[in-house]
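Enquirer: 3D, please:
(one chain, ligands or ions: 1)
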Amino acid sequence: MKSPPRLVVVANRLPASRVGEGAGARWERSPGGLVSAVAPVMEERGGVWIGWDGGAGPAPRPGRAGPIEVRAVALSRGEVDRYYHGFCNTTLWPLYHDAIVNPEFHRAWWDPYIAVNQRFAAAAARASRRKGVIWVHDYQLQLVPRMIRERKPSSRIGFFLHIPFPPDELFAWLPWRSAILRGLLGADVIGFQTQASAENFVRVAKRYAGAEGTERELTIDRRSVRVMACPISIPSAEFEKIAASPSVRRKSAEIKQQLAGRKLLLGVDRLDYTKGIPLRLAAFHELLQDRKLSVNECVMVQIAVPSRESVPGYEETRREVEGMVGRINGEFSMPGKVAVHYFRRSLSREELVAYYLAADVMLVTPLRDGMNLVAKEYVMCRDDGTGVLVLSEFAGAARELRRALLVNPRDVETLKKTIVQAVRMPEEEQRMRMAMLRSNVRRHDVHDWSRGFLEVLDE
Ligand code: ADQ
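Expert: Numbers count the residues shown, from 1 in each chain. Below you'll find the model as predicted:
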């Protein structure tokens, strides 16, 4: 049997960072979901990863990070502002997340989006052989599939959207909606996190881009485009292994001890307005005020990774969260019993898992989320079968994790009741629910996700 062609991945960010200086400089693989998903495939068939290193100015030299050949795309300072902070994170990100904050539409951001997408497409076309397989990722690069097809018509091109695809009512706002759709429709296979996103896409592709066909297969320019829902997942076995390691167990026992044996309610998120951190804090605050919970019994830990701090809206979310933490602690903390611990930093995977192991209740309450990997990571780490996951209905993960306590995070009264239910849940019920949740995540891990997508693409 012929081995499949090497894979070219195109994603906004690279899977590695450049460390060291001069002749000693090399690429070091960064930890991250997408890299661990795709690395095994690249080990089998070889692969090139095209992405941006996060800086402005000339791109660092290409090189290798393990099995992956890394090729960086350069962005100028102006492009970082207009393409990345602007069009990607101030227009598309809020628009695709239910317009939680108002998306801004600036004509001056559109041309840089086209120019940067062209640069990624050119690099992908150069890296790919004839009849090569190219996998493009996410909302930053929606024009790339068509741009590659124009350069390399014989390629197999896949696209996966990590965030939700919005309904027609919101997508229609976008002045460049037809161009974006035609860009995406250059792919052979387009994958979404949920069936709902796939359906939203099909509807607008017919309405604004002249595509025809069914929910699973569209036709445009006499080509067919497969549309599918393929929910992303996590490297389950890796998380199980970290959770079982003695040093992580020790760290988790230490955390529990430092919290004076109180029940730990945990939040872990990028500091992003989509993640619903203020509503979660408001619910906890009111529960303390109503005396439904007390700091003798419970403590909340919110771990937030700094994110997109030069984009408007993020600074405001940060101030809001920090103000609320201050108010709750001012009102309720006691010596040795802080009500809310708040860490604004990134943790190592080991530290994060230690917190998952220590957490009696995991609060995942985004207002809208493509999938949410934190929910799946928590479940996979709970190898003793206890723990309760409170999960927003508006996370893609809610489609699979049906035995979590599902909640509408904007309904603060129900959110409060659900948190109390989670804190008081009998161990027997915790185990019954957790067993089902764990089997969901184990059955479909991130390797199944990437293999599944590429199988369809290779067909
Ligand atoms: P994100 O919005 O970044 O991803 P999520 O899926 O929750 O959201 O992934 C966050 C990742 O960062 C997790 O793997 C988590 O462990 C890690 N993380 C969070 N806080 C951390 C901290 N303080 N320190 C270290 N690590 C931390 C986008 C979409 C999601 C979709 C993913 C994957 O918005 O909906 O699930 O892509 O497709």
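Enquirer: show me which residues of the stretch 251-400 of the chain sit near the ligand.
Expert: 268-270, 303, 305, 346-347, 352, 369-374, 377 (Cβ under 6 Å from any ligand atom). (C-beta placed from N, C-alpha, C; glycine too.)
Enquirer: go again using 8 Å as the cut-off
Expert: Residues of the stretch 251-400 of the chain lying close to the ligand by Cβ under 8 Å from any ligand atom are 268-270, 272, 274-275, 303-305, 307, 343, 345-349, 351-352, 366, 369-375, 377, 395-397.
Enquirer: return the subset of those lying in strands.
Expert: Taking DSSP state E, the ones among these that sit in strands are 268, 269, 270, 303, 304, 305, 343.
Enquirer: biggest helix in the chain by residues?
Expert: Looking across the chain with DSSP state H, the single longest helix is helix 107-127.
Enquirer: among the ones in strands among the residues of the stretch 251-400 of the chain next to the ligand, which pair sits farthest apart?
Expert: Pairwise distances across those (Cβ to Cβ) peak at 13.0 Å, for the pair 270 and 343.
Enquirer: okay, and the common contacts of the two?
Expert: residue 304 (Cβ atoms under 8 Å, 6 or more residues apart in numbering).
Enquirer: tell me the confidence at whatever residue of the stretch 151-300 of the chain ends up closest to the ligand?
Expert: Nearest residue of the stretch 151-300 of the chain to the ligand: residue 162, at 3.6 Å (Cβ to the nearest ligand atom). With respect to pLDDT, residue 162 scores 96.
Enquirer: do residue 31 as well
Expert: So, for residue 31, pLDDT stands at 68.
Enquirer: please compute how far whichever strand or helix holds residue 256 lies from its chain's middle.
Expert: Using DSSP states H and E, residue 256 sits in helix 246-258. Put simply, helix 246-258 sits 27 Å off its chain's centre (Cα atoms, centre = their mean, to the nearest Å).
Enquirer: may I have that helix as CSV, with CA atoms only?
Expert: Extracted C-alpha coordinates of helix 246-258, given in CSV (Å, rounded to 0.1, in the frame of the first residue of the first chain):
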residue,chain,number,x,y,z
PRO,A,246,3.4,10.5,42.4
SER,A,247,4.7,14.0,42.3
VAL,A,248,1.4,15.4,40.9
ARG,A,249,-0.5,13.4,43.6
ARG,A,250,1.7,15.0,46.3
LYS,A,251,1.2,18.4,44.9
SER,A,252,-2.6,17.9,44.8
ALA,A,253,-2.6,16.7,48.5
GLU,A,254,-0.6,19.8,49.4
ILE,A,255,-3.2,22.0,47.7
LYS,A,256,-6.0,20.3,49.6
GLN,A,257,-4.1,20.7,52.8
GLN,A,258,-3.4,24.4,52.2
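Enquirer: before we move on, the earlier item: out of the ones in strands among the residues of the stretch 251-400 of the chain next to the ligand, which are buried?
Expert: 268, 269, 303, 304 (16 or more other Cβ atoms under 10 Å).
Enquirer: list the contacts of the last one.
Expert: If you count contacts by Cβ under 8 Å, 6+ apart, residue 304 has them with 267, 268, 269, 270, 271, 277, 321, 342, 343, 344.
Enquirer: ditto for the third one
Expert: Residue 303 makes contact with 266, 267, 268, 269, 343, 345, 347, 352, 355 under the criterion Cβ under 8 Å, 6+ apart.
Enquirer: got the phi and psi for residue 391?
Expert: phi -130, psi 130 (degrees, to the nearest 10).
Enquirer: I figured it was touching residue 397, is that so?
Expert: Yes - applying Cβ atoms under 8 Å as the test, residue 391 and residue 397 come out as touching, 6.4 Å apart.
Enquirer: Throw the buried ones among the ones in strands among the residues of the stretch 251-400 of the chain next to the ligand into JSON lines and include pLDDT, thanks.
Expert: Putting these into JSON lines (pLDDT from 0 to 100) gives the following:
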{"residue": "268", "pLDDT": "97"}
{"residue": "269", "pLDDT": "96"}
{"residue": "303", "pLDDT": "97"}
{"residue": "304", "pLDDT": "96"}
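Enquirer: closest one to residue 443 out of these, please.
Expert: Of those, the one sitting nearest to residue 443 (Cβ to Cβ) turns out to be residue 268, at 23.3 Å.
Enquirer: which residues does that closest one form beta bridges with?
Expert: residue 303 (DSSP bridges).
Enquirer: my guess is it contacts residue 374. True?
Expert: Yes - here residue 268 reaches residue 374: they are 5.0 Å apart, a contact under Cβ under 8 Å.
Enquirer: who touches both of those two?
Expert: residue 362.
Enquirer: residues touching residue 317, list them.
Expert: 271, 272, 273, 277, 278.
Enquirer: just the element for the closest residue to the last one other than its chain neighbours, please.
Expert: Counting by Cβ to Cβ, 6 or more residues apart in numbering, residue 278 lies nearest to residue 320, which is 5.3 Å off, once chain neighbours are set aside. Element membership of residue 320 [criterion: DSSP H and E] is helix 314-332.
Enquirer: list the buried ones in that helix?
Expert: For helix 314-332, by 16+ other Cβ under 10 Å, it's 314, 317, 318, 321, 324, 325, 328, 332.
Enquirer: so how far is the ligand from the first one?
Expert: Relative to the ligand, residue 314 is positioned 13 Å away (criterion: Cβ to the nearest ligand atom, to the nearest Å).
Enquirer: ok, now the fifth one?
Expert: Computed with Cβ to the nearest ligand atom, the distance linking residue 324 and the ligand is 18 Å.
Enquirer: pretty sure that residue contacts residue 286?
Expert: No - if you go by Cβ under 8 Å, residue 324 and residue 286 don't touch, sitting 11.4 Å apart.
Enquirer: ok, residues contacting stretch 66-73?
Expert: With Cβ under 8 Å, 6+ apart, stretch 66-73 has contacts from 14-16, 27, 29, 35, 39, 42-43, 46-53, 59-60, 62-64, 116, 119-120, 123, 127.
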